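J.: With the input below, show me the fold.
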Amino acid sequence: MNVSWFKRRWFDFRLGHTVYLAFVLAFGNFIMIAYGLYIDNLNISLEFWQFGIFLVVVYLPVAILIGAWHRKTQISVETEQMLRQNPMMAKNFRILLDAVLNQNKEEIEEYRRLLKKIEENA
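T.: Numbers count the residues shown, from 1 in each chain. Have a look, this model is predicted:
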């Protein structure tokens, strides 16, 4: 097995862990801590399962609204900032511009080989 196979598995592990597993654990932890801090300490007579349902009924729509606002207003700002700081993206656009203007044929051909290699490994 080659090194790139291990690198891809490591990337898959990190993605699965952070996006899915850690998120579920963190959300469950959030519910338990919120219950302990707000319900138990304030002596409100609410069972844990009732609090969980209340939190999902109230928290879930609020989180969805905030997420929709973020997607509509902030993601474009974040994406622009990421692109401005990404040297590979700058190189991609420069080579694309060179290709349109028929300049740097050597570098364009090298880039074409790189893209073909990426396609074959996908």
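J.: tell me the centre residue of the chain?
T.: Geometric centre of the chain, nearest residue: Val19, 7.3 Å, by C-alpha atoms, centre = their mean.
J.: What's the local residue count around Ile108?
T.: Ile108 has 14 neighbouring residues, counting by other C-beta atoms under 10 Å. Every residue, glycine included, has its C-beta placed from N, CA and C.
J.: Correction: the previous question concerned Phe54.
T.: Using other C-beta under 10 Å, Phe54 is surrounded by 13 other residues.
J.: all helices for this protein, in order.
T.: Applying DSSP state H to the chain gives helices spanning 3-15, 22-34, 48-73, 75-84, 87-100, 105-121.
J.: export the ones you listed to TSV and tack on distance to Leu42 and mean pLDDT?
T.: Compiled in TSV, those are given as follows (distance: least, C-beta to C-beta, whole Å; pLDDT from 0 to 100):
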stretch	distance to Leu42	mean pLDDT
helix 3-15	39	89
helix 22-34	11	90
helix 48-73	11	89
helix 75-84	37	83
helix 87-100	50	80
helix 105-121	56	78
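J.: would you turn those into CSV with distance to Asn41?
T.: Below are those laid out as CSV (distance: least, C-beta to C-beta, whole Å):
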stretch, distance to Asn41
helix 3-15, 36
helix 22-34, 11
helix 48-73, 13
helix 75-84, 37
helix 87-100, 49
helix 105-121, 54
